[in-house]
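>>> got a predicted model here, sequence first, then my questions.
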Amino acid sequence: MKQLPRIEQYGLIGDTQTSAHVRDDGSIDWLCLPRFDSPAVFAGLLGTQKHGTWQIAPASSVSRDGSGTVDERRYRGDSLVLESLWRTPTGSVRVLDFMPPRDGTPQVIRIVEGVSGVVEMVSAMRPKPGYGSVSPWIHEVGGRMVAEAGADALWLDTCVPQVEKDGVVVSAFPVAAGQSVAFVLSWCPSHAAAPDVPDPEAALTETLAFWQDWTTECTYEGPYREAVVRSLIALKAMTYGPSGGIVAAPTTSLPELIGGDRNWDYRATWLRDASTTLAALLGTGYQQEAQAWRRWLLRAVAGDPENLQIMYGITGERDLRERELPWLPGYEGSTPVRIGNGAADQLQLDVYGEVIETLYLAHQSGVAHCADTAVLHRRLVEHLSRRWREPDEGIWEIRGARRHFVHSKVMAWVAVDRTIRLAEAGALDMDPAPLVELRAAIHHEVCTEGFDPVRNTFTQSYGSQELDAATLLIPRVGFLPPDDPRVVGTVDAVRRELSTPDGLVRRYPTRGNRTGVDGLKGDEGAFLLCSFWLVDGLALTGRIDEARALFEGLLELRNDLGLLAEEYDPVQQRQLGNFPQAFSHMGLIESARLLQVLTAGPSHRHGPVSVPSPRSAASSTRTTSPDLTPQHATHA
C-alpha cells in the first residue's frame, strides 16, 4: 500500500482554469475537470488509490510499494512545468508534467524522457469521476483509450500500448537515453466529438513561452526575487482566466488539524482573498489581472450590492451550498470532506474595505477609470455607512454568535478612507465631507471599544479578552502610525500570546475539546499569513533584523518547489490546510516588498506602496493613511 503523503510532497501544475496535484512519486492525486470547482476525476488526495490516481514512474519504484519518490524535482525555470528525475540501477529518467494554458480542451501532458541507460516505466491511470464515486466505462476508440462517465469523457493518447485491467489503464514500456514517450489526457463532454490528438512537444514549447512571457512583467527586483516570482506564479495559477475570478486555493478539505473537522472547500472566489491577491499582483507590475477581476466583480455583484456576498463561484455563481461527501475518507482520516461553503451567506463587513482598497490601488497603479465600477463603489460605501455598527462573523468566518470584531471595523474605516481619497483626488464623484465625519466616528469607536488599556493591546472584538492576529494589520492599512504605543503594544501582545515557540503565529486562541469563539471545537496549526503579518508588524515598528529573520524562517517552511499551504504544524513540522494557499503566497510577496521598501529607499520602490517611517512623530489620535497594501486572512 502506498504510504500516506504529506501535503508538502505535492507539486502544482495548471492551465489558469484548473490544476492538478502531482505527488513526489509521480502520482497525480487531485484533478478537477474542466474547472477548479468541477468534480474531481482523481480524488486520491482525499482518499486512496481507488478514488482516482494516475502514476507514471519507474517499474522498480512502483513494484516496491508504490511510494518510491523522485531523486530530484523542480520547476523548469520560471514556469509551471514540473520536472521529476529518478535514478535507477539501469539508468535515469525524467518526467515533465504540465497543463497548457488553453482556450478550449483541457489537457494534462506527461512526457517521459530517457536521460541515461534504459529504464522500464509504468503508467497506471485509474480515473474515478464524481470525486472518486463513479467507475467509468473504459474502452478503445480508434487506437485511443477513453473513459466515459455521465457528462465527462477522458481521452488518453500515447504511442505505447495501453490495456485496461480492473478499471486501470496501464502502459508498461522501456525508455532509453535520448528517447521520449508522451501521454496526453484530454477532457471533453461525453456527447461531443473526440478531441484532436495534440502535439506534446509543441504544447511544451508554448507552455514554457507563456510563463516566461508572464514572469518577465514582474517589477520586483529585491533580494527575495526567486521566492516572490514563484509565489506570483502560484497566484496566477489560481486565477480562472476566462472570468478573472481567483480561487482561495485549488483544493477542498485538506485539514487544519490532522484528524480534525476544520476542513473547508476553498475553490471559490472570496472578495477578500481575490482583492488582496490582486493587491500583491498590482504591486509587482500586473494590471491585466486587476482589470479582469474588476469586470468579474461587476458581473458577480450585478445590480444588487445591498445583498453583497462575501464569496461567489469563479464565474459569479451565488449558490455555494455546503454539503458533505461521505464516501471519501478524507486526508489522513480527516472528515468530513466538504464541497461548497456555507460561509457564503455570512455578514463580513471587512470585505467592503478589501474591495475598495483594491479599487483604490488599481487607480494608483494606472488602471483606467471605469464608470460602472464607480457606481458600484458609491453604492457599496453607502450600504456600509448604514451597516458598519452591526456585529458580524468577521474575517475568520466564525460559526458562532456574531460579534463586533475589531478587524471588521478597521476595514470599514479603510473603505471610507480610500473613498475619501479618491473623491478628493477627483477620481470618484462623491462628496467627501460626510465621509470624513464617518471615518472619524469609526476610528473613535474602535480605539475606545476595541482597545484594552491595561494590556495595551487591541483585542479581537469589543469587550473581549481574546487577542487576534488580524489586529496586526492596523499599521499596515494606515489606521494608526507604526510608532503609536497602541500599535507597538498590539504587536508585542500578539507575539507574546499567539506565537509558537519558533515564532509562528496562530490566528486566535482555540479551546481544544471546548467550543471556542469561532463556534468550533478543536485546535489548528500556526497560520502562515498571520506569521507574515508579524513580519510586517516588526518591520514597521523598527525591528527590521527580527522581521527579516522571521521572514527567512518562513521561507524555509516552503516545500522543495516553493509552495505553501494555509497553516503549519510546528510540532510535527508539516504543512496543513488547503494547498497551495493564495493568502500564504500573497503574504510572502507583500512582506518581501515591505522589507525592500524599508531597507532600500524610495528609488527602489515599485507599485503603489508608501510606507511611513517606523519612528515618525504622531499624536495618539493621528490617522495617517499610507498607501499600504493590506493583507488579510482566510475562512472557516
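Nice, thanks for sending it over. Numbering: from 1, shown residues only.
>>> now do the buried residues in stretch 352-361.
352, 353, 354, 355, 356, 357, 358, 359, 360, 361 (16 or more other C-beta atoms under 10 Å). For the C-beta atoms, the positions are set from N, CA and C on the backbone; glycine is no exception.
>>> got those as CSV, with secondary structure, distance to residue 286 and pLDDT columns?
Output for the buried residues of stretch 352-361, formatted as CSV (DSSP: H, G, I helix; E, B strand; the rest coil; distance: C-beta to C-beta, whole Å; pLDDT from 0 to 100):
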residue, secondary structure, distance to residue 286, pLDDT
352, helix, 24, 94
353, helix, 22, 95
354, helix, 18, 93
355, helix, 18, 93
356, helix, 20, 94
357, helix, 17, 94
358, helix, 13, 92
359, helix, 16, 92
360, helix, 17, 93
361, helix, 12, 92
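>>> of those, which is the nearest to residue 570?
Nearest to residue 570 out of the buried residues of stretch 352-361 is residue 354 (C-beta to C-beta; 28.6 Å).
>>> quick check: the closest one touching residue 272?
Yes - using C-beta atoms under 8 Å, residue 354 is in contact with residue 272, at 4.8 Å.
>>> quick one: contacts for residue 526?
The contact partners of residue 526, by C-beta atoms under 8 Å, 6 or more residues apart in numbering, come to 500, 504, 505, 506, 567, 568, 569, 570.
>>> list the buried residues for stretch 344-354?
Applying 16+ other C-beta under 10 Å to stretch 344-354 flags 344, 346, 348, 349, 350, 351, 352, 353, 354 as buried.
>>> farthest-apart pair in the residues you listed, please.
344 and 353 (18.9 Å).
>>> after the least confident helix or strand in the chain by mean pLDDT, next one along is what?
Lowest on mean pLDDT, DSSP states H and E among the helices and strands of the chain sits helix 59-64, with a mean of 75. Later in the chain than helix 59-64, the nearest helix or strand by DSSP states H and E is strand 72-75.
>>> mind giving me the packing neighbours of the helix or strand following that next one?
Sequence order places strand 82-88 as the next helix or strand after strand 72-75, per DSSP H and E. If you count contacts as 3 or more C-beta pairs under 8 Å, 6 or more residues apart in numbering; DSSP states H and E, strand 82-88 packs onto strand 53-58, helix 59-64, strand 72-75, strand 91-98, strand 107-126.
>>> closest to residue 597 out of those?
Closest to residue 597 of the helices and strands packed on strand 82-88 is strand 72-75 (C-beta to C-beta; 27.8 Å).
>>> thinking residue 515 is in contact with residue 522, fair?
No - with contact defined as C-beta under 8 Å, residue 515 does not count as touching residue 522 (9.6 Å).
>>> neighbour-wise, which of the two wins?
Neighbour count, other C-beta atoms under 10 Å: between residue 515 and residue 522, residue 522 has more, with 19 against 14.
>>> what are the ranges of the helices in the stretch 501-636 of the chain?
528-540, 544-555, 582-600 (DSSP state H, counting those that start in this stretch).
>>> that older thread, and the furthest pair within the buried residues of stretch 352-361?
352 and 361 (15.0 Å).
>>> quick check: buried residues in whichever helix or strand residue 495 is part of?
Using DSSP H and E, the element containing residue 495 is helix 485-497. Residues 486, 487, 488, 489, 490, 491, 492, 493, 494, 495 are the ones in helix 485-497 that count as buried (16+ other C-beta under 10 Å).
>>> now tabulate these in CSV and tack on distance to residue 214 and pLDDT.
Listed next are the buried residues of helix 485-497 as CSV, based on distance: C-beta to C-beta, whole Å; pLDDT from 0 to 100:
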residue, distance to residue 214, pLDDT
486, 42, 98
487, 37, 98
488, 40, 98
489, 43, 98
490, 38, 98
491, 36, 98
492, 41, 98
493, 41, 97
494, 36, 97
495, 37, 96
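>>> so which elements touch the helix holding residue 495?
For helix 485-497, the packing partners by 3+ C-beta pairs under 8 Å, 6+ apart come out as strand 457-458, helix 528-540.
>>> surely residue 511 and residue 521 touch.
Yes - using C-beta under 8 Å, residue 511 is in contact with residue 521, at 7.2 Å.
>>> any regions of this structure where pLDDT drops low?
Residue ranges of the chain with pLDDT under 70: 1-3, 63-67, 512, 601-636.
>>> tell me which of the helices and strands packed on helix 485-497 lies nearest to residue 31.
Nearest of the helices and strands packed on helix 485-497 (C-beta to C-beta): helix 528-540, 24.9 Å.
>>> so the closest one versus helix 544-555, what angle?
160 degrees (axes from the mean of the first three to the mean of the last three C-alpha atoms, to 10 degrees).
>>> what angle sits between helix 528-540 and helix 485-497?
Going by the same axes, to 10 degrees, helix 528-540 makes 130 degrees with helix 485-497.
>>> where do the helices sit along the stretch 251-400 of the chain?
271-282, 288-301, 350-364, 371-387.
>>> need the three-state assignment for residue 203.
At residue 203 the chain is in helix, as set by DSSP: H, G, I helix; E, B strand; the rest coil.
>>> residues near the spatially closest residue to it that is not a sequence neighbour, how many?
Counting by C-beta to C-beta, 6 or more residues apart in numbering, residue 100 is the residue found nearest to residue 203 once chain neighbours are left out, at 4.5 Å. By other C-beta under 10 Å, the residues close to residue 100 number 21.
>>> shift numbering so it begins at 24
Got it, the first residue is 24 from now on, which makes the last one we talked about residue 123.
>>> I'd say residue 123 and residue 225 touch.
No - using C-beta under 8 Å, residue 123 makes no contact with residue 225, being 9.2 Å away.
>>> so residue 197, which of the three states?
Residue 197 falls in the strand class when you classify it by three-state DSSP.
>>> OK, contacts around it?
Residue 197 makes contact with 141, 142, 143, 144 under the criterion C-beta under 8 Å, 6+ apart.
>>> I'd say the second one and residue 113 touch.
Yes - the pair formed by residue 142 and residue 113 meets the contact definition of C-beta under 8 Å, at 5.9 Å.
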